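> curious how this folds, go ahead:
(one chain, ligands or ions: 1)
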Amino acid sequence: MEKYLIIGGKKLFGEVKISPAKNACLPLIASTIMFSGEFLLQNAPKISDVIIMAKIVENLGGSFIFTDKGLLLKTFNINSYSPSKEICCKARASFFIAGALLSRFKRAIVPLPGGCNIGIRPVDVHIDAFNQLGVDCIMDKDYVKFDANKMKSGMVSLKYPSVGATVNAICACVGLMGESLISNCAKEPEIVDLCNFLNLCGAKISGIGTSLIKIEGIALNKSLKIVHRPIDDRIEAGTFIFATAVTGGEIAFKYDNVCNICSAIKTIEKMGVQTRYEKNTLYVKSKGELDATQQVADVFPAFPTDLQSPLCSVCAYANGESVIEDRVFKDRFAFVKQLNDFGVNARVLGSQAVIKGSKINNPCTEKALDLRAGAGLVIYALGAQGESQIFGVDIIRRGYENLEQKLRLLGADIQYILS
Ligand code: EPZ
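Purely as a prediction, here's the structure:
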């Protein structure tokens, strides 16, 4: 049984290294499937979600290796458009490979993503986008079978700015001769990074970072050799900012584009934390005195849903009553109920979480419900008076590289125990 043992109350001081973004790496890996070549994703975090996505490339006939420079993928020998269900069901992002498979093979058989603690993971926006491109999609309870022999370039309007559906629509259009326009796209920084990477691979994508992306299709017959550094992980950055808010102290980290974490910075400043950004470094200073907040999580550039659970832990220490809403995953409040179960005054009222904070909180012995709820538990435990035990470390490690080592270097009393 794996667990973290955390003795709370230690302030955090020093510099931390933010890893390249998990949620940038997963679409990048998926997109390499459409090309024949080798791709180095520099410093890609060696975390299970990234490894699973690379294993899908391998399962299709490609190969991968983690070197001291990062994740090296080779896709010359990809010869299948039907990845194994056993591998795909381990990561919901496996569905992101559909578009790239259609660009390469004009066919695909992709397992449906499983559900999880943050809600069911429908794919209707993906299917609707593919239908608009003329792709036949036949869904049964486990798979979607795609036939893109009649696929043609043109207009695609996403029903919702879904990150994954945007990835799939873009990847399907890159290898589609003619001009395609995708409207109501997700504008998340990870989509921007994907488009920049695809242009590095020879794609012709414009409107990057906007909700209207234009793609001029290209022939995918060139052999490529590409090196790309994925953007920094804005959710990991936010997690460390929130941890420092709770413990008090002063940390700093290099960060490539502060605009990508503006909403989290504004939120924590409103709660009483000081930040400063200069020479590509963000400085965060907290006295550990926090004011309650009202926050709505929504699509970029709004406050990100993936920091909603971590923010709830900050609110558990804030003076006053905080109100949080999540417009992306409307019932992503399992963690709020967990907080309440172990003594925090936290409840879900309709579509909002209401958390009445307290300067002093007791430690907890809990299991991570999902990746970001697990991060929320770690943040909570860092501020609690005493020793907390957090189980489900493997769930947390899916999305955070060397979390306990990074926190220990900052002065946290956190140990990984395998019993
Ligand atoms: C990506 O998931 C991220 N995952 C998620 O991060 C993140 O929470 C989410 O975007 C929102 O920002 C990766 O990038 C690997 P969506 P994705 O499609 O693409 C609904 C983490 O912790 N929807 O933008 O699956 C959906 O139910 C993970 O790192 C449909 O209804 O998210 C949700 O309510 C968790 N039909 C909303 O849209 C669809 O076809 C946003 O989903 C697709 C989505």
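> what about stretch 292-309, average pLDDT?
Averaging pLDDT along stretch 292-309 gives 98.
> quick one: the helices in this protein?
Ranges of helices within the chain are 22-32, 48-59, 85-88, 98-105, 124-132, 163-174, 189-200, 234-247, 262-270, 308-315, 334-341, 371-383, 393-397, 403-409, based on DSSP state H.
> redo these as JSON lines? Include distance to the ligand and mean neighbour count.
Yep, even glycine has a C-beta here, placed from its N, CA and C like the rest. Shown next, in JSON lines, are these (distance: least, C-beta to the nearest ligand atom, whole Å; neighbours: other C-beta atoms under 10 Å):
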{"stretch": "helix 22-32", "distance to the ligand": "4", "mean neighbour count": "28"}
{"stretch": "helix 48-59", "distance to the ligand": "7", "mean neighbour count": "22"}
{"stretch": "helix 85-88", "distance to the ligand": "13", "mean neighbour count": "17"}
{"stretch": "helix 98-105", "distance to the ligand": "11", "mean neighbour count": "27"}
{"stretch": "helix 124-132", "distance to the ligand": "3", "mean neighbour count": "20"}
{"stretch": "helix 163-174", "distance to the ligand": "3", "mean neighbour count": "28"}
{"stretch": "helix 189-200", "distance to the ligand": "6", "mean neighbour count": "21"}
{"stretch": "helix 234-247", "distance to the ligand": "6", "mean neighbour count": "27"}
{"stretch": "helix 262-270", "distance to the ligand": "12", "mean neighbour count": "18"}
{"stretch": "helix 308-315", "distance to the ligand": "9", "mean neighbour count": "29"}
{"stretch": "helix 334-341", "distance to the ligand": "12", "mean neighbour count": "20"}
{"stretch": "helix 371-383", "distance to the ligand": "5", "mean neighbour count": "28"}
{"stretch": "helix 393-397", "distance to the ligand": "10", "mean neighbour count": "20"}
{"stretch": "helix 403-409", "distance to the ligand": "14", "mean neighbour count": "19"}
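> so where's the stretch 51-200 of the chain uncertain?
Applying pLDDT under 70 to the stretch 51-200 of the chain flags residues 114-120.
> spell out which parts of the stretch 1-150 of the chain neighbour the ligand.
When proximity is defined as C-beta under 6 Å from any ligand atom, the stretch 1-150 of the chain approaches the ligand at 23, 26, 92-93, 118-119, 121-126.
> again, only this time at 5 Å
Residues of the stretch 1-150 of the chain lying close to the ligand (C-beta under 5 Å from any ligand atom) are 23, 26, 93, 122-126.
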